[in-house]
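Asks: Okay, here's the prediction I keep looking at, along with the sequence it came from:
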Amino acid sequence: MAFGKVYLVGAGPGDPELLTVKASRIIARADVVAYDRLVPAEILALIPAGAARIDVGKQAGHHPVPQPEINQLLVRLAAAGRTVVRLKGGDPFIFGRGSEEAAELRRAGIECEVVPGITSAQGCAAAARMPLTHRGLATGVRFVTGHCKADEPLDLDWNSLADPHTTLAVYMGLGNISEIVGRLIAHGLSADTPTLAISQGTTARERRLSARLEELPDAARAANFEGPVLFIIGKVAALAAEWSAIEDAGIADPLADQFAVVA
C-alpha cells in the first residue's frame, strides 16, 4: 500500500472564517484529523462526517498524549495510506511543535505539507484594532512563550524583552504572568507600560482587559479567564483601549468617512 500524506494545518486564532481557503479545502477531504485543544468546536464541525477524529490536545501539566506518541501516530496513520490532517490552533510553526512533527515524518519517509494559519497574536490584535507595530510606538514585535516544556523555569532574554520600543506577544503565559511581569519590570520596562489580555480571541466568547503592566497579574486573575489567553505588552496596547472607549461611548469611527464606498 502506498503511503498517505500528512498536512500540518493552522486553524487560525479561533474564528472559522479566518481559516485559509486551502486549510478549509484540505480539512474537507481528510480521512483522519488529529486536533489540538485550541481548535474550537466551530472549526471541528467542518470535519467531514466520515473522517476519524482524534483528540491529542495538551495543556499545562496535563499531556494525555505525549508529543512523541503524537509523532508516531501521524506516521502510523499515513503509513496506512490515509490522508491525515494535523490541525493546530494558530500557525503550526509558531509555538505549535509542527516542526518537530515534520521532522519525524521526514525521517519516516512520509510526505508532509505545511498549511500556514493566522497566528493568534496577529489575528487577535487585528480584531482588537491594535497594530503590533506602529510608527512612533513600536518598531518591532517579539513572539514569546510564557510556558516551558516539562514546567521548567522560564529562560528568556529579559534584557532584550524589556525594550520599550518593542511589542511583546506572550503566548501561553497565564500561569506565569506574575513572573513575566516581575522580570520585565526588574529589567527596566516601565510599570506603567500599557497591556492587553485577550481570552478566546476572534470568537463570540472573546474577552479583553486593558491594564498597566504592574496591574496585569492581579487583573488577569480577577478576570477568571477561560480558554487560551494572549498577552500584548507595549505602547501599542493603549490603542486597543482607545478603540474600546470609542465603541463603548457609541462614537462613530473617525476614519469611516475616509474609507466610505461610493455607489
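Replies: Nice, thanks for sending it over.

Asks: When you work out contacts or count neighbours from here on, use the C-alpha atoms and nothing else.
Replies: Will do.

Asks: Please enumerate residues in contact with the host helix or strand of Leu230?
Replies: Taking DSSP states H and E as the criterion, Leu230 maps to strand 229-233. With C-alpha atoms under 8 Å, 6 or more residues apart in numbering as the test, strand 229-233 has contacts from 120-121, 167-174, 193-201, 213.

Asks: so of those residues, which ones are in strands?
Replies: Thr167, Leu168, Ala169, Val170, Tyr171, Pro194, Thr195, Leu196, Ala197, Ile198, Ser199 (DSSP state E).

Asks: Farthest pair within the residues you listed?
Replies: The most widely separated members of the ones in strands among the contacts of strand 229-233, counting by C-alpha to C-alpha, are Thr167 and Ser199 (18.2 Å).

Asks: okay, these two: which has more neighbours?
Replies: Thr167 (27 against 22; other C-alpha atoms under 10 Å).

Asks: doesn't Met130 make contact with that one?
Replies: No - the pair Thr167 / Met130 is not scored as a contact, 11.1 Å apart, by C-alpha atoms under 8 Å.

Asks: what is in contact with the two at once?
Replies: Common neighbours of Thr167 and Met130 (C-alpha under 8 Å, 6+ apart) are Val236.

Asks: mind putting the ones in strands among the contacts of strand 229-233 in CSV, distance to Pro228 and pLDDT included?
Replies: Listed next are the ones in strands among the contacts of strand 229-233 as CSV, based on distance: C-alpha to C-alpha, whole Å; pLDDT from 0 to 100:
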residue, distance to Pro228, pLDDT
Thr167, 19, 98
Leu168, 17, 98
Ala169, 13, 98
Val170, 11, 98
Tyr171, 8, 96
Pro194, 20, 97
Thr195, 17, 98
Leu196, 14, 97
Ala197, 10, 97
Ile198, 8, 97
Ser199, 6, 96
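
Asks: Mind putting those into TSV with distance to Pro13?
Replies: Output for the ones in strands among the contacts of strand 229-233, formatted as TSV (distance: C-alpha to C-alpha, whole Å):
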residue	distance to Pro13
Thr167	19
Leu168	17
Ala169	14
Val170	14
Tyr171	12
Pro194	22
Thr195	19
Leu196	16
Ala197	14
Ile198	11
Ser199	11
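
Asks: Return the member of those residues nearest to Arg86.
Replies: Using C-alpha to C-alpha, those come closest to Arg86 at Tyr171, 20.3 Å.

Asks: Okay, that closest one and Ser120: tell me how far apart.
Replies: Separation of Tyr171 from Ser120 (C-alpha to C-alpha, to the nearest Å) stands at 8 Å.

Asks: cool, and Pro228?
Replies: Pro228 is 10 Å from Ser120, by C-alpha to C-alpha.

Asks: neighbour-wise, which of those two wins?
Replies: Ser120 (26 against 18).

Asks: Just give the closest residue to the more buried one, not the sequence neighbours.
Replies: Distance criterion C-alpha to C-alpha, 6 or more residues apart in numbering; nearest residue to Ser120, sequence neighbours excluded, is Pro13 at 4.6 Å.
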